[in-house]
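Chemist: Return atomic coordinates for the entry below.
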Amino acid sequence: MALSDAILTRLLSLHPKIIDLSLGRTERLLAKLGHPERKLPPVIHVAGTNGKGSTVAYLRHIMEAAGLSVHAYTSPHLVRFHERIRVAGALISEADLTALLEECEAANGGEPITFFEITTAAAFLAFSRTPADYLILEVGLGGRLDATNVIDRPALSVITTIDYDHQQFLGDTLGLIAHEKAGILKRGCPAIVGVQPDEALAEIVRVGERVRAELRIAGQDWQAYEQHGRLVFQDEDGLLDLPMPQLRGRHQIDNAGNAIAAIRRLDHPRIAERHIAEGLKATAWPARMQRLGPGALSGLVPSEAELWLDGGHNPSAGRVLAQAFSELNDRHSRPLVLVWGMLNTKDAGSFIGCFAGVASRVVTITIPDEENALAAETLAEAARAHGLAAETATSLEAALRQASSTVPAPRILICGSLYLAGRVLAAHGNEEMSKVSGAGRR
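Modeler: Prediction:
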């Protein structure tokens, strides 16, 4: 076990709950650490339900294409905790991470604090000690009471598409969820608002007006769309004719649009249109409609089959995935088989129902070593309730072998959870996973 894993495991014991939304504990620890959150480069703060990670990735790649130095903070991690903290373009080293965690643990002095709060403080320390042009900061959960929301005046806020997720913490209506997400808007600071359901947009606008934030709203102040195989972005400053994003799926046009709108609002003199184009072509983000190349899992499926991975786990993710694979089938027809695992904190029926008429079979698994994993048989029953042929498997490897029996050679999509996605990436790359489960430690 890496030393950082041992410390991270200890930190889990500092609070009885994994998630307890509050700012007080984070503010207390940051004060003891000398307020690193006040010594950061200009911050781009990103909240939303879907597309946060992709938007962060587009922003980072565009800025780096222009030669800028960029910090980035994301969550959750998939395989190793180090994925969360990117310092001036490079993942944090084991030595630096270990030292920062020990420093935060000592400063905290055993006081109650959640895992995400104390590790966010460690990230702020890292970012405050290394110069960079920007910090792209992704919210962990919600916004208003998220540990990242201690930044008084971000250079820019971004709110990506809002949908139902984490209702037990954020509320059971889109208006309530949007209220929590819009909590990152700061008085007098500009913000980019991505494509939204009407109820969510109304609440974001209401909060924005209250704090007098300058909002640039998708569909009103800017738009991004595909035309003749190109991405067209248009705002009051003109039209950009750009290549389509490297990331797959029609929803990535919206995510790329968020990033481009943010870049245009920042108006950094070193970022030109060619850098935006280069960034779109270079952006990669694991477990987002990712087609898996050669690796350990490839030998479990026919050479003619396709193996895909996505960590989406809420109804809107199900909708965009089903649409994307339906369109893929229109271009190159082959049966779609899902290998599906999910947590009991998610709406399994609403997710799998999106694939009715799209997937030919579903093979369900119980995500291993996860106490909140739904049983494979429970998932199979949910799939059958939506008219899908479903069967259970005892493991990921068994599920892939079962899925491979489909004729002709299928398109296999492993989906339903970031917990599962991390295990897939580790197994496929013969990597050792962090001992601290990534997807739940927000």
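
Chemist: shaky segments in the chain?
Modeler: For the chain, the stretches with pLDDT under 70 are 1, 437-442.

Chemist: could you dump stretch 31-38 to CSV, C-alpha only?
Modeler: Provided in CSV are the C-alpha atoms of stretch 31-38 (Å, rounded to 0.1, in the frame of the first residue of the first chain):
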residue,chain,number,x,y,z
ALA,A,31,-7.3,29.2,8.7
LYS,A,32,-4.9,26.9,10.6
LEU,A,33,-3.0,26.3,7.3
GLY,A,34,-2.6,30.1,6.7
HIS,A,35,-5.4,30.5,4.2
PRO,A,36,-4.0,28.9,1.1
GLU,A,37,-7.3,29.5,-0.7
ARG,A,38,-6.4,33.2,-0.7
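
Chemist: all helices for the stretch 1-150 of the chain, in order.
Modeler: With DSSP state H, counting those that start in this stretch as the criterion, the stretch 1-150 of the chain has helices at 3-11, 24-32, 52-65, 94-108, 115-128.

Chemist: closest to residue 425 out of these?
Modeler: helix 52-65 (14.2 Å; Cβ to Cβ). (Glycine included, C-beta is placed from N, CA and C.)

Chemist: Run through who's touching the closest one.
Modeler: For helix 52-65, contacts defined as Cβ atoms under 8 Å, 6 or more residues apart in numbering pick out 44, 46, 48, 70, 72, 74, 86, 89, 133-134, 136, 138-139, 158, 160, 194, 245, 247, 252, 255-256, 258-260, 262-263, 268, 271, 275-276, 278-280, 282-285, 288.

Chemist: before we move on, what about stretch 246-255?
Modeler: 50-51, 54-55, 57-58, 160-161, 194-195, 218, 224-226, 231, 244-245, 256, 280-285, 288-289, 291, 320-321, 323-324, 327.

Chemist: got the buried residues for it?
Modeler: 246-249, 251-255 (16 or more other Cβ atoms under 10 Å).

Chemist: Now tell me what touches stretch 226-234 from outside.
Modeler: Residues outside stretch 226-234 that contact it (Cβ under 8 Å, 6+ apart): 222-225, 239-245, 250, 253, 256-257, 260-261, 280.

Chemist: Compute the number of surrounding residues for the nearest residue to residue 392 once chain neighbours are set aside.
Modeler: Spatial nearest neighbour of residue 392, chain neighbours left out: residue 376 (4.0 Å); criterion: Cβ to Cβ, 6 or more residues apart in numbering. For residue 376, the count of nearby residues is 23 (other Cβ atoms under 10 Å).

Chemist: repeat for residue 72
Modeler: 27.

Chemist: which residues touch it?
Modeler: Shown in contact with residue 72 (Cβ under 8 Å, 6+ apart): 56, 60, 86, 135-138.
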